[in-house]
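1. Could you look at this predicted model? Sequence included:
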Amino acid sequence: MKHEISLGRRMFALLIDWLMSYAVAIGFFSGTGSIIDRAPHARIPVLVIFFIELVVLTSLGGASFGHRIMRMKVVRFSDGGVVTPLQALIRTTLICLVITAVTFDENGRGIHERLSNTKLINA
């Protein structure tokens, strides 16, 4: 019996990570004024913060904040072991390209997972 992670859970975890990164970017890197005035200045910082968060947390603990909240974990596809920093870097780079994170194969793995030899499992 397969226990694939649904697309909804995956997207919700990414949304959590993105919103947390956006809050940090607006709070620290977008100047002063109202949130409406500051939001346009957070575009690049939010992507950088999101990228760093995913790479660091995935390589150190196997899960980003969003993954932990949604009770998921990233592991090596080949043996279920801990992902390497290089795998986390490849996976995150491809996630930031978006299209690779929303296309799936018959095993429920996205392009970003196939190219980084990782998979997302229930934690």
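-> Okay, I see it. Numbering: from 1, shown residues only.
2. Can you list the helices and strands that the longest helix out of those in the chain packs against?
-> In the chain, taking DSSP state H as the definition, the longest helix is helix 7-29. Helices and strands touching helix 7-29, by 3 or more CB pairs under 8 Å, 6 or more residues apart in numbering; DSSP states H and E, are helix 43-61, helix 65-69, strand 72-76. Just so you know, the C-beta spots here come from the backbone N, C-alpha and C atoms, and that holds for glycine as well.
3. I'd like the mean pLDDT over that helix, please.
-> Helix 7-29 carries an average pLDDT of 91.
4. now do stretch 113-123
-> 90.
5. go on, stretch 69-87?
-> Here the average pLDDT along stretch 69-87 is 94.
6. Run through who's touching the longest helix of the chain.
-> Helix 7-29 has contacts (CB atoms under 8 Å, 6 or more residues apart in numbering) with 35, 38-39, 41-42, 45-47, 49-50, 53-54, 64-67, 69-70, 72, 95, 101-102, 104, 120.
7. next one: stretch 64-71
-> In this structure, residues lying in contact with stretch 64-71 by CB under 8 Å, 6+ apart are 9, 12-17, 20, 53-54, 57-58, 61, 73-74, 120, 122-123.
8. that older thread, mind putting the helices and strands packed on helix 7-29 into TSV with distance to S30?
-> Shown next, in TSV, are the helices and strands packed on helix 7-29 (distance: least, CB to CB, whole Å):
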stretch	distance to S30
helix 43-61	7
helix 65-69	20
strand 72-76	30
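9. how close does the most far-flung residue of the chain relative to its centre sit to G110?
-> Here the chain reaches farthest from its C-alpha mean at G33, the gap being 29.5 Å by CA atoms, centre = their mean. As judged by CB to CB, to the nearest Å, G33 and G110 stand 38 Å apart.
10. before we move on, back to that, show me which of the contacts of stretch 64-71 are buried.
-> 9, 13-14, 16-17, 20, 53-54, 57-58, 73-74, 120 (16 or more other CB atoms under 10 Å).
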